[in-house]
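A.B. asks: got a sequence here, can you build the structure:
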Amino acid sequence: MLDKILSKISLIIIRIYQKTFSSHTWIFKDILYTQPVCAHSPHCSKYWKNAFKRYGFKKWLKYTMSRIDKCTPGTKIKYDPFFYKVVFFSSAPIWIPFLNELYNDKRFEIVGVITWEDKKVNRWQKLKANIIKQHSIKKLWIDEKLIKTPWKVKGNKEIKKWLKHQDADFFVVIAYGKILPKEILDIPKLGPINIHWSILPKYRWASPIQSVFLNKEKETWITIMYMDKNMDTWDIIKILKIPITKQDNSETLIDKFTKYSSKFTVDTIWDFWKWDLKRIKQDESKATYCKKFTKQDGQIDFNEPAENIYSKFQALYLWPKIYTNFKGKKLNITDCFFENKDSWKKIWEWFMENNQLQVQTWKWNLIVKKVKLEWKKEISAKDFYNGYLKSIL
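C.D. replies: Numbers count the residues shown, from 1 in each chain. Now for the predicted structure:
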């Protein structure tokens, strides 16, 4: 009730201001204001009025005070809308929480979603929509006309024309999987934004999540960047630090990213376009690069220290998983840890100690908790020992 009363009073005050003192709408503005007074577009009174209708009294007051604080009369006009129109590019399901956050935040309006094309599945080759497309339509009720699934973007005149028609203020591009040419990146009024899961310029390219485990980092980061035509060399806007524990792996770390990154990202984007954050150039002398992993990278060697093998387990937990060979078959180790002590057994020797299946490595013992033999189901290490190892050890 109080909010509605304050809303009506505030709107009346804005209208009075527009009719009396506004340098843009007052009937005598051309006589008294010979030089531009408000350097923002839309001008302040229009911004206040529309922001008020969109956000309600409390948030309107916050955004109004912020606009007044930045108000500097001049001839150079700054584009500063009361909400931003966004086109979202992604094909990764892990970014659905961010899409939800963006959709539910009144500071933004999604005017387009671009994801991968529909793919044929099963033996009947039935088309299945990309999960981003499915979620946008079924969960967020985004108009299907606003969702595009082009086979390629580069050289696609239809997509280029459509993007221009959407009149977006900026693009958000996250794990889209296709390179966007400069002619596409130049379309939005303000520019394109990207998110990378490392502290750039460290861990550029394909596998930053796996690389932080392999290098035994105790923390990782989310970097928000302003995009240009080059990959991962873009200016940094803001970085969020995320701790890594000994129990983490690539799956739990992705869960942390999705949990913390959504709100952080939308707030960072808003602050950046409101000039509260500045672009920072990357220090090229500190750049490092990540490799692209293959199935063969999952093979482990017990001549390495147990700690290194465990780091590999953390890094490759989702794919391709770590494995060794057992009687000519692949044996995936699906859960393990390490103990910083040696049992004075031969390297590669499997043994039971303290009711735990262990392997002697070059340094310390690898404790095996679960395994999956090729073409078999996952079983506990104890069952594996009783069924396969006990008779031969």
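A.B. asks: in the chain, what helix or strand scores lowest on average pLDDT?
C.D. replies: helix 29-32 (a mean of 49; mean pLDDT, DSSP states H and E).
A.B. asks: next SSE after that helix?
C.D. replies: Where DSSP states H and E defines the elements, the next helix or strand beyond helix 29-32 is strand 40-41.
A.B. asks: residues contacting that following strand, please?
C.D. replies: Contacts to strand 40-41, defined as CB atoms under 8 Å, 6 or more residues apart in numbering, come from residues 47, 67, 71, 77-80. In this view, the C-beta of every residue, glycine as well, is placed from N, C-alpha and C.
A.B. asks: now those: which count as buried?
C.D. replies: 47, 67, 80 (16 or more other CB atoms under 10 Å).
A.B. asks: ok, so of those, who is nearest V359?
C.D. replies: D80 (61.7 Å; CB to CB).
A.B. asks: tally up the residues packed near the residue nearest to the closest one when sequence neighbours are not counted, please.
C.D. replies: Closest residue in space to D80, ignoring its immediate chain neighbours: H40 at 4.6 Å, by CB to CB, 6 or more residues apart in numbering. Look at H40: counted by other CB atoms under 10 Å, it has 19 neighbours.
A.B. asks: just give the number of residues close to D248.
C.D. replies: D248: 18 neighbours (other CB under 10 Å).
A.B. asks: that one against Q314, yeah?
C.D. replies: Yes - the criterion here is CB atoms under 8 Å, and D248 meets it with Q314 at 6.5 Å.
A.B. asks: so what sits against both of the two?
C.D. replies: Here D248 and Q314 have F213 as joint contacts, going by CB under 8 Å, 6+ apart.
A.B. asks: S343: neighbour count?
C.D. replies: S343 has 14 neighbours, counted by other CB under 10 Å.
A.B. asks: list the contacts for it?
C.D. replies: Contacts of S343 by CB under 8 Å, 6+ apart are 351, 353, 358, 360, 365.
A.B. asks: roughly how far apart are K164 and P42?
C.D. replies: In this view, K164 and P42 are 22 Å apart by CB to CB, to the nearest Å.
A.B. asks: comparing these two, which residue is more hemmed in?
C.D. replies: P42 (17 against 12).
A.B. asks: what's the helix or strand for the nearest residue to that one once chain neighbours are set aside?
C.D. replies: Residue nearest to P42 in three dimensions, not counting chain neighbours: P81, with 6.9 Å by CB to CB, 6+ apart. Assigned by DSSP H and E, P81 belongs to neither a helix nor a strand.
A.B. asks: which ones are touching P81?
C.D. replies: P81 sits next to 42, 47, 169 when contact means CB under 8 Å, 6+ apart.
A.B. asks: S136: which of those is nearest?
C.D. replies: Using CB to CB, D169 is the member of the contacts of P81 that lies nearest S136, at 19.2 Å.
A.B. asks: what residues are up against the closest one?
C.D. replies: Shown in contact with D169 (CB under 8 Å, 6+ apart): 81, 84-86, 188-190, 273.
A.B. asks: can you pull the poorly scored residue ranges out of this structure?
C.D. replies: Scanning the chain for pLDDT under 70 picks out the ranges 1-38, 71-75, 122-123, 230-231, 391-393.
A.B. asks: let's see the host helix or strand of Y260 as PDB, backbone CA atoms only.
C.D. replies: Using DSSP H and E, Y260 maps to helix 250-273. Output of helix 250-273 as PDB, limited to C-alpha atoms (Å, rounded to 0.1, in the frame of the first residue of the first chain):
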ATOM      1  CA  SER A 250      35.500 -31.000 -12.700                       C
ATOM      2  CA  GLU A 251      31.800 -31.800 -12.100                       C
ATOM      3  CA  THR A 252      31.600 -30.200  -8.600                       C
ATOM      4  CA  LEU A 253      33.500 -27.200  -9.900                       C
ATOM      5  CA  ILE A 254      31.100 -26.700 -12.700                       C
ATOM      6  CA  ASP A 255      28.300 -26.800 -10.100                       C
ATOM      7  CA  LYS A 256      30.100 -24.000  -8.200                       C
ATOM      8  CA  PHE A 257      30.500 -22.000 -11.400                       C
ATOM      9  CA  THR A 258      26.800 -22.200 -12.200                       C
ATOM     10  CA  LYS A 259      25.800 -21.400  -8.600                       C
ATOM     11  CA  TYR A 260      28.000 -18.300  -8.200                       C
ATOM     12  CA  SER A 261      28.300 -17.000 -11.700                       C
ATOM     13  CA  SER A 262      24.700 -16.200 -12.700                       C
ATOM     14  CA  LYS A 263      24.000 -13.400 -10.200                       C
ATOM     15  CA  PHE A 264      27.700 -12.200 -10.400                       C
ATOM     16  CA  THR A 265      27.500 -12.000 -14.200                       C
ATOM     17  CA  VAL A 266      24.200 -10.000 -14.500                       C
ATOM     18  CA  ASP A 267      25.300  -7.600 -11.800                       C
ATOM     19  CA  THR A 268      28.700  -7.100 -13.500                       C
ATOM     20  CA  ILE A 269      27.100  -6.500 -16.900                       C
ATOM     21  CA  TRP A 270      24.800  -3.900 -15.400                       C
ATOM     22  CA  ASP A 271      27.600  -2.100 -13.500                       C
ATOM     23  CA  PHE A 272      29.800  -2.100 -16.600                       C
ATOM     24  CA  TRP A 273      27.300  -0.500 -18.800                       C
END
